[in-house]
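1. Below are the sequence and a predicted model for it; my questions follow.
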Amino acid sequence: MRIETLCTGDELLTGLTADTNSRFFQTQLLERLGLQVRRSTVVGDVRDDIVEALQTISTRADVLLVSGGLGPTADDFTAECAAIAASAPLEERPEVVAHITERIARRGFKLTANNLRQAMVPRGAEVVLNPVGSAPMFGLTLGRCRCYFVPGVPREYRHLVEHEVLPRLIKAAPPHEARVLRLLKTIGLPESHLDEKVAPLALKHPKVVFGFRTELPENHLKLLGLGVDEAQARAVVAAAEADCRAVLGAHVFAVDQETMASVVLSRLEARKETLALAESLTGGRVASQLTAVPGASKVLLGAAVTYGGGAKQRWAQVPAGLLSAHGAVSAEVAQAMAAGVREELQATWGVATTGLAGPTGDGRQAVGTVFVAVAGPSSGRAERHLFTIGGRDGVQALAAHAALDLLRRTLQTGEEGSP
């Protein structure tokens, strides 16, 4: 089964909006069906380009997922283009009109004429009402290709893909050998080094497809096991995973849907330990990552954004003399912040971040210099990093990740001074 995607919208071509939808679909497709998208196409809000893309892709694909251009405004004309490609007129669907009318009334807004544009779909299309939005999903066959049209709003896209598109693909997929995917997430290992380390194992496990994905600063190893049934596919993946773990060691920090934050929280909860944070350059990013995980309140007692020197002294107990002697961006201050916030909140562990996100420096340290620190029941440590990619946002993101990783390694070894 050849599957492709088509994303519409000028904002995708100008860089104003990142295409996170396609990635979601690709991941779900691989994990639930063991299939991959063969090609992804992006076009702007130009009628002729959308029609041409639909006509061209439908000659080579079995399934096409189209997203975007189903809104109520003048630049939303994907349904119109689908009708042109199918040589079918647009028609108003009463069930969609009722859905839109009820939804708008429930939200206390006035129904406008352009709202009802979303009820216009090509004649003969399969229509699926959208429980989390107004624009419906519709299915249409163009030549050999079954096309599914969904809104581009991420929340609506993901709901319809997960609950409507994928079940249809599972039902339509031809019989094939069972596939099971395992994702090993690594840190502190460049992609080329990861490839080099596991390359010999690919020969040892011919029924497992090895793949790689980078999500800075992480590198992920994808293991796709193939078998005559699911049990066999799981067995070959398990064998390959065991060998990979033996080679990669502590570089593997998580699997599948786990994140650095969820792994840290899980370990702390298992140990019945608590955590306090003092964040300077990260401005709350570490806390944000942790609180995104359900149940974080069992571990995280609190966090202080100690951006200025006064906040460092008051909320993280950093001595004024230490700040003047070493500067706010230093190992000494980072360590004092971690120890101070730990004491302030009576937590088992304290974690701190300080550094220079840029674009200007402080005369002592280069832009991108980051110190992360951890303080525990008996001692602690600080680490220095220099992050030079991604600009200000990149430095902050990498610093937050580094802080959590330092705590992870400390918990893993049980030796605070030498994680």
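-> Right, received. Where do you want to start?
2. list the contacts for R107?
-> For R107, the contact set (C-beta atoms under 8 Å, 6 or more residues apart in numbering) is empty. (C-beta placed from N, C-alpha, C; glycine too.)
3. What count of nearby residues applies to K185?
-> 21 (other C-beta atoms under 10 Å).
4. tell me which residues form a beta bridge with it?
-> Assessed by DSSP bridges, K185 has beta-bridge partners H220, A254.
5. where in the stretch 51-200 of the chain is pLDDT low?
-> Flagging of the stretch 51-200 of the chain using pLDDT under 70 yields the residue ranges 175.
6. just the helices in it please.
-> 78-86, 94-106, 154-160, 166-172, 191-204 (DSSP state H, counting those that start in this stretch).
7. Buried residues of the biggest helix by length in the chain, list them for me.
-> Longest helix of the chain, by residue count under DSSP state H: helix 391-413. For helix 391-413, the neighbour count (16 or more other C-beta atoms under 10 Å) marks 394-411 as buried.
8. One more: stretch 22-37?
-> For stretch 22-37, burial by neighbour count (16+ other C-beta under 10 Å) applies to 22, 25-26, 28-35, 37.
9. Excluding chain neighbours, what is closest to M120?
-> Nearest residue to M120 in three dimensions, chain neighbours excluded: L90, at 4.5 Å (C-beta to C-beta, 6 or more residues apart in numbering).
10. actually V228, not the one I wrote
-> Leaving aside its sequence neighbours, V228 sits nearest to E177 (C-beta to C-beta, 6+ apart; 6.2 Å).
11. dump the residue contacts of that neighbour.
-> When contacts are counted by C-beta under 8 Å, 6+ apart, E177 touches 226-228, 233.
12. Bridge partners for the residue nearest to M120, pull those for me.
-> Applying DSSP bridges, one finds that L90 bridges with P122.
13. quick one: it and A119 touch, right?
-> No: contact criterion C-beta atoms under 8 Å: L90 and A119 do not qualify, at 9.7 Å.
14. Compare neighbour counts for these two and give me the winner.
-> Using other C-beta under 10 Å as the criterion, L90 and A119 rank with A119 on top: 24 against 17.
15. ok, back up a step: the helices of the stretch 51-200 of the chain: which one's closest to G133?
-> When these are compared by C-beta to C-beta, helix 154-160 sits nearest G133, at 4.0 Å.
16. so how far is the closest one off the chain centroid?
-> Distance of helix 154-160 from its chain centroid, counting by C-alpha atoms, centre = their mean, to the nearest Å, is 15 Å.
17. Return the set of buried residues in it.
-> 156-160.
18. CA atoms of it as CSV?
-> Extracted C-alpha coordinates of helix 154-160, given in CSV (Å, rounded to 0.1, in the frame of the first residue of the first chain):
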residue,chain,number,x,y,z
PRO,A,154,-3.4,20.1,15.0
ARG,A,155,-6.0,19.2,17.6
GLU,A,156,-8.6,18.4,15.0
TYR,A,157,-6.1,16.7,12.7
ARG,A,158,-4.8,14.4,15.4
HIS,A,159,-8.3,13.4,16.6
LEU,A,160,-9.6,12.6,13.1
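19. Show me what that helix is packed against.
-> helix 21-33, strand 145-150 (3 or more C-beta pairs under 8 Å, 6 or more residues apart in numbering; DSSP states H and E).
20. can I get these in TSV with distance to G309?
-> Formatted as TSV, the helices and strands packed on helix 154-160 follow (distance: least, C-beta to C-beta, whole Å):
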stretch	distance to G309
helix 21-33	41
strand 145-150	51
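21. Now do the contacts for G9.
-> Here G9 is in contact with 17, 44-45, 68-69, 152 (C-beta under 8 Å, 6+ apart).
22. Over to V97?
-> Contacts of V97 (C-beta under 8 Å, 6+ apart): 116, 119.
23. how about a cut-off of 10 Å?
-> 111, 115-116, 118-120 (C-beta atoms under 10 Å, 6 or more residues apart in numbering).
24. Show me which of the residues you listed are buried.
-> For the contacts of V97, a neighbour count by 16+ other C-beta under 10 Å gives the buried set as 115-116, 118-120.
25. Which two among the buried residues of stretch 22-37 are spaced furthest apart?
-> Maximum pairwise distance in the buried residues of stretch 22-37, criterion C-beta to C-beta, is 18.1 Å, between S22 and G34.
26. Pop the domain breakdown of the protein in here.
-> Per automatic domain parsing, the structural domains of the chain span 3-172, 178-255, 260-413.
27. Could you tell me the end-to-end distance of the shortest one?
-> When you say that, I think you mean domain 178-255. Start-to-end span of domain 178-255 (C-alpha to C-alpha, to the nearest Å) is 20 Å.
28. Distance from the longest helix of the chain to the middle of the chain?
-> When C-alpha coordinates are averaged (C-alpha atoms, centre = their mean), helix 391-413 and its chain have centres 17 Å apart.
29. Pull that helix out as CSV, backbone CA atoms only.
-> Extracted in CSV, the C-alpha atoms of helix 391-413 (Å, rounded to 0.1, in the frame of the first residue of the first chain):
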residue,chain,number,x,y,z
GLY,A,391,20.1,30.6,19.0
ARG,A,392,18.6,31.8,22.3
ASP,A,393,15.7,29.3,22.2
GLY,A,394,18.0,26.4,21.4
VAL,A,395,20.4,27.2,24.3
GLN,A,396,17.5,27.3,26.7
ALA,A,397,16.0,24.1,25.5
LEU,A,398,19.3,22.3,25.5
ALA,A,399,20.1,23.6,29.0
ALA,A,400,16.8,22.3,30.4
HIS,A,401,17.4,18.9,28.9
ALA,A,402,21.0,18.8,30.3
ALA,A,403,19.7,19.6,33.8
LEU,A,404,17.3,16.7,33.7
ASP,A,405,19.9,14.4,32.3
LEU,A,406,22.4,15.3,35.0
LEU,A,407,19.8,14.3,37.6
ARG,A,408,19.0,11.1,35.7
ARG,A,409,22.6,10.0,35.6
THR,A,410,23.0,10.9,39.2
LEU,A,411,20.0,8.7,40.2
GLN,A,412,21.2,5.9,37.9
THR,A,413,24.7,5.6,39.4
